[in-house]
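1. build me a structure from this.
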Amino acid sequence: GSDSTACLGEGVFTDLMANANGPVLWNTGDTTSTISVQPSQTTTYSATVTTVNGCTASDSFMLIVFPSPLPPVIGGLPPGSDSVAICNGASTQLSVTTANSVLWSTGDTTHTITVTQSGTYYVTIIDQNGCPATSDTLQAVVESTQIQFVSGDTSVCAGELVTLVGTANGPITWYDNITG
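-> This next block holds a predicted model:
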């Protein structure tokens with residue numbers, strides 16, 4: 001028979017079938033006409049058929065198992081991080097360095113994508129043998145930065161003390177237009 005290929009770790013079972021006009025004996029010891037296999041290495045399978053008159057026929061083929069590529073690492077993140085914060089209205093770039101084909105969770109097929117929205121992102125690479133590997137997922141969070149002054153514009157005399165109140169969803173750093 002013709003050789004076939006599979007990728008290690010894909011969880012792919014290959015059904016092998018012998019068209020026979022008599023009992024079948026596989027080199028695995030199975031005696032059914034169809035067997036399912038999931039080898040962890042390249043393996044040759046063969047089947048022998050014996051007719052009621054004692055005639056035999058055999059055939060074999062090799063299932064070539066390719067190793068899976070290493071999962072890609074997404075660049076553009078702080079070391080050891082699985083999330084990235086993006087300021088409202090800004091963007092960040094995520095990238096992967098590989099010679100393999102690339103497919104992002106967004107559907108993009110470029111090695112670098114620009115992220116402007118909150119969400120879960122990952123990338124799958126496909127090597128020259130057609131074997132895939134997927135990165136860990138990362139969370140992108142667009143942070144909304146808002147500030148509201150409780151007191152509106154205020155007029156005061158020079159040297160007069162005034163209290164300004166502001167609320168925000170993060171720390172506030174105050175500046176004046178005289179000293180910065």
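2. could you pull out the helices for this protein?
-> Counting by DSSP state H, no segments of the chain form helices.
3. measure the residue nearest the centre of it to Thr42 for me?
-> Centre of the chain computed as the mean C-alpha position; nearest residue by CA atoms, centre = their mean is Thr134, 3.2 Å away. Between Thr134 and Thr42 the distance is 24 Å, computed by CB to CB, to the nearest Å. Every C-beta, even on glycine, is put in place using the N, C-alpha and C of the backbone.
4. again with Val65
-> Shown here: Val65 relative to Thr42, a distance of 5 Å by CB to CB.
5. more neighbours: which of these two?
-> For Val65 against Thr42, the residue with the higher neighbour count under other CB atoms under 10 Å is Val65, and the figures read 23 against 14.
6. tell me the pLDDT at the residue of the chain most remote from its centre?
-> The C-alpha centroid of the chain is most remote from Cys157, which lies 62.0 Å away (CA atoms, centre = their mean). In the prediction, the pLDDT value recorded for Cys157 is 80.
7. any idea how far it lies from Leu164?
-> Distance from Cys157 to Leu164, counting by CB to CB: 16 Å.
8. could you list the low-confidence segments of this structure?
-> Low-confidence regions of the chain, defined by pLDDT under 70, span residues 1, 10-20, 78, 145-152, 166, 168-170, 176-180.
9. try 50 this time
-> In the predicted model, the chain carries pLDDT under 50 at residues 180.
10. output the longest strand belonging to it.
-> If each strand of the chain is counted by residues according to DSSP state E, the longest one is strand 56-66.
11. helices or strands next to that one in the packing?
-> Using 3 or more CB pairs under 8 Å, 6 or more residues apart in numbering; DSSP states H and E as the contact criterion, the neighbours of strand 56-66 among helices and strands are strand 4-7, strand 43-50.
12. show me what the last one pairs with in its sheet, parallel or antiparallel.
-> It stands for strand 43-50. In the sheet containing strand 43-50, its partner strands are strand 24-26 (antiparallel), strand 56-66 (antiparallel), by DSSP bridges.
13. equivalent analysis for the shortest one, please.
-> According to DSSP bridges, strand 4-7 has the following sheet partners: strand 56-66 (parallel).
14. for the strand it pairs with, buried residues please.
-> Judged by neighbour count using 16 or more other CB atoms under 10 Å, the buried positions of strand 56-66 are 63, 65-66.
15. swap in stretch 66-86?
-> Of the residues in stretch 66-86, 66, 69, 72, 74, 77, 84, 86 count as buried by neighbour count, 16+ other CB under 10 Å.
16. which pair of the residues you listed spans the longest distance?
-> The largest separation in these, counting by CB to CB, is between Phe66 and Ile86 at 37.5 Å.
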